[in-house]
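K.L.:
need the 3D shape of this:
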Amino acid sequence: MSGQLAERDAPLGFPGDGLIVAGVTIPEDSQVLTPAIREAMIAGRFETEEAAQIPHIVRPGDRVLEIGAGIGFISTLLSREARVSQVIAVEANPHLLDYMARLHALNDVRKVRRLNAVLTNGSAAAATFYLRRDFWMGSLSAEPNAWTGTVEVPTKSFDALLREEAINLIVCDVEGAEADLFAGADLSGVDRVFVETHDHVTGLSGVRSLFSTMHANGFVYDPRHSTGSVVLFQRLGEADIIRPYAG
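P.N.:
Okay, the predicted model is just below:
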């Protein structure tokens, strides 16, 4: 599926049982579920903050772009929301695409399309992706963690994808690339950006850059649906809701 959108309309089947995380069945695969990742899943620490907020941040008719889709866990949760009409799941690591397809099939996911690409508004036809033992550490940066290999990944225009798919909600977990991803992007059709920051990669200066970019694009930090490094930015609407004092 490299470089193109592909949609699964029927389960493919996967032999054997898998882990159950937040109601999502995770296929067993020792090449993907390394000891650290499997332990996090069993302990209830895998994408916990993101998963908890999904039901609170989606709205009727949402067309969602997930950037850094990983194994397809969050896109599965998004697809189960009746208010979501479509999810585009973008993952740079090509080695995760088949596993994501298996996970989606095992969970009978029908509203998600998968894309292997690096989103950018630059002119390069490909980008170097740094592979790491635990897939959640893979990134576009060679630093600061040791990497096990590299792969060249096709790029796709960020602005074009937002426009062509009429995206209004972005969910983003890209291991530090968030500091620069949104700079110069046309976010005029987007009203919410749900993003994980990675100060261990970008430093606090990268977090500042992200917040500055969001502010310049008319977004505000929403503390009601932000937890630690996982942040919701949304546009201020005419009917801004004041949270009542709860005592």
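
K.L.:
rest of the way, CA atoms for contacts and neighbours
P.N.:
OK.

K.L.:
pLDDT value on Gly13, please?
P.N.:
Per-residue pLDDT puts Gly13 at 37.

K.L.:
Glu152 touches Ala126, doesn't it?
P.N.:
Yes - the pair Glu152 and Ala126 passes the contact test of C-alpha atoms under 8 Å, sitting 6.0 Å apart.

K.L.:
my read is Ile194 is in a helix, agree?
P.N.:
For the record, residue 194 is Phe, not Ile. No - counting by DSSP: H, G, I helix; E, B strand; the rest coil, Phe194 falls outside a helix, being strand.

K.L.:
what sits against it?
P.N.:
Counting by C-alpha atoms under 8 Å, 6 or more residues apart in numbering, Phe194 touches Leu169, Ile170, Val171, Cys172, Val230, Val231, Leu232, Phe233.

K.L.:
out of these, which are inside strands?
P.N.:
Secondary structure defined by DSSP state E assigns Leu169, Ile170, Val171, Cys172, Val230, Val231, Leu232, Phe233 of the contacts of Phe194 to strands.

K.L.:
wait, Phe135 sits on Val32?
P.N.:
Yes - using C-alpha under 8 Å as the test, Phe135 is close enough to Val32 to be in contact (7.0 Å).

K.L.:
how much space separates the nearest residue to His56 once chain neighbours are set aside from Ala216?
P.N.:
Sequence neighbours aside, His225 is the residue nearest to His56 in space, at 7.5 Å (criterion: C-alpha to C-alpha, 6 or more residues apart in numbering). Distance of His225 to Ala216, given as C-alpha to C-alpha, to the nearest Å: 21 Å.

K.L.:
the two: which has the busier surroundings?
P.N.:
Higher neighbour count among His225 and Ala216: His225, with 18 against 11, using other C-alpha atoms under 10 Å.

K.L.:
can I assume the more buried one sits in a strand?
P.N.:
Yes - applying three-state DSSP, one finds His225 inside a strand.

K.L.:
how much space separates it from Arg113?
P.N.:
His225 sits at a distance of 26 Å from Arg113 (criterion: C-alpha to C-alpha).

K.L.:
and what of Arg133?
P.N.:
Distance, Arg133 to Arg113, using C-alpha to C-alpha: 26 Å.

K.L.:
who's more crowded, these two?
P.N.:
Higher neighbour count among Arg133 and Arg113: Arg113, with 21 against 16, using other C-alpha under 10 Å.

K.L.:
okay, that one: pLDDT?
P.N.:
pLDDT for Arg113: 98.

K.L.:
for it, give its distance to Glu47.
P.N.:
Taken as C-alpha to C-alpha, the span from Arg113 to Glu47 is 20 Å.

K.L.:
before we move on, what about Val90?
P.N.:
According to C-alpha to C-alpha, Val90 and Glu47 sit 17 Å apart.

K.L.:
mind checking how far Leu106 is from Gly70?
P.N.:
Distance of Leu106 to Gly70, computed by C-alpha to C-alpha: 16 Å.

K.L.:
give me the more crowded residue out of the two.
P.N.:
Gly70 (25 against 21).
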